[in-house]
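return atomic coordinates for the entry below.
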Amino acid sequence: MANHVSSLKRARQTVTRTEVNRANRTRVRSALRAMREALVAGDLAAAQTQFRATASALDKAVQKDVLHKNTASRYKSRLNARLKTLATA
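Numbering: from 1, shown residues only. Take a look at the predicted model:
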């Protein structure tokens, strides 16, 4: 365990940041899962609504340095492609 005041503080900060990052990562994964389930169900209206919520969650994750911007862009692109496929089917 740390003994210096500064290292004790860093340990406390690490615990707090870990909790915040875990919550943000969970929020993104839940949104992605809900989007994929809406696509599999074939409900276009629900999928479109969920896509907007998922894209927002991905963008917020980028702002909070949970995801890289290219990773979020790739997720959004692939989900939008699947949404367009559902819309044309």
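
could you use CA atoms for every contact and neighbour count after this?
Fine.

find the nearest non-adjacent residue to Ser61, please.
Actually, residue 61 is Ala rather than Ser. Of all residues not flanking Ala61 in the chain, Leu67 sits nearest, at 5.7 Å (Cα to Cα, 6 or more residues apart in numbering).

what segments of the protein are helices?
Ranges of helices in the chain, per DSSP state H, are 5-41, 44-63, 69-88.

Asn21 against Leu67, yeah?
No. Using Cα atoms under 8 Å as the test, Asn21 is too far from Leu67 to be in contact (10.2 Å).

looking at those two, which is more packed in?
Leu67 (18 against 15; other Cα atoms under 10 Å).

ramachandran angles for the more buried one?
phi -120, psi 150 (degrees, to the nearest 10).

go on, Gly42?
Given degrees, to the nearest 10, the pair of backbone angles that Gly42 has is phi 80, psi 10.

for it, what are its contacts?
Leu86 (Cα atoms under 8 Å, 6 or more residues apart in numbering).

cool, Gln48 as well?
Leu83.

please redo it, this time with the cut-off set to 7 Å
Gln48 is in contact with no residue at all, counting by Cα atoms under 7 Å, 6 or more residues apart in numbering.

output the below-cut-off pLDDT ranges for the chain.
By pLDDT under 70, the weakly predicted segments of the chain are 1.

I am finished for the moment; much appreciated.
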